[in-house]
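Peer 1: Sequence plus predicted model, see below.
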Amino acid sequence: MLLRRTDWHHADIIASLHKQRTTLAALSRSAGLSSSTLANALSRPWPKGEWIIANALKLHPAEIWPSRYYHPETDELLERKMRCKLPDNLGREKVPIKNIILPENSTGKSKNVDNADKKGM
């Protein structure tokens, strides 16, 4: 039989942060977020927020939110990670401006754009 773990109550998480001499709002602002943003992690799964809170408490998020990190039937620890911000140009093909065809203009003619025309764009 599997021992079911229960998530910490929201008040317990906030009280633990107060014991660390911080607040949820201060922690949120120090992470570069709006002061109320981290509160989302208390009520819904959000790995980034969960990790920020857990790090402040010197815990793994699975200790605070076991229902979010353990498989309900096998009780195995699930791998949940924050998404990494990708570079802006990753996976995007660069198209030379001379190969772009603009839609038809009011005269019904298509206009090809070449390097001479890019000043007006």
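Peer 2: In hand now; what should we look at? Numbering: from 1, shown residues only.

Peer 1: For the closest residue to residue 70 other than its chain neighbours, report the pLDDT, please.
Peer 2: Distances taken as C-beta to C-beta, 6 or more residues apart in numbering place residue 77 nearest to residue 70, at 6.0 Å, with adjacent residues excluded. In short, each C-beta sits where N, CA and C put it, glycine included. Note on residue 77: pLDDT of 79.

Peer 1: try residue 28
Peer 2: Value listed for residue 28 in the pLDDT field: 96.

Peer 1: I'd say it and residue 34 touch.
Peer 2: Yes: between residue 28 and residue 34 there is a contact under C-beta atoms under 8 Å: 6.6 Å.

Peer 1: From the neighbour counts alone, determine which of those two ranks first.
Peer 2: More crowded of residue 28 and residue 34, by other C-beta atoms under 10 Å: residue 28, with 21 against 10.

Peer 1: For the more buried one, which three-state class applies?
Peer 2: State at residue 28, reduced to three classes by DSSP: H, G, I helix; E, B strand; the rest coil: helix.

Peer 1: Run a quick neighbour tally on the residue nearest to it when sequence neighbours are not counted.
Peer 2: Spatial nearest neighbour of residue 28, chain neighbours left out: residue 38 (3.9 Å); criterion: C-beta to C-beta, 6+ apart. Residue 38 sits with 26 neighbouring residues when counted by other C-beta under 10 Å.

Peer 1: Contacts only, for residue 38.
Peer 2: Residue 38 makes contacts with 24-25, 27-28, 31, 49, 52-53, as judged by C-beta atoms under 8 Å, 6 or more residues apart in numbering.

Peer 1: Okay then, goodbye and thanks.
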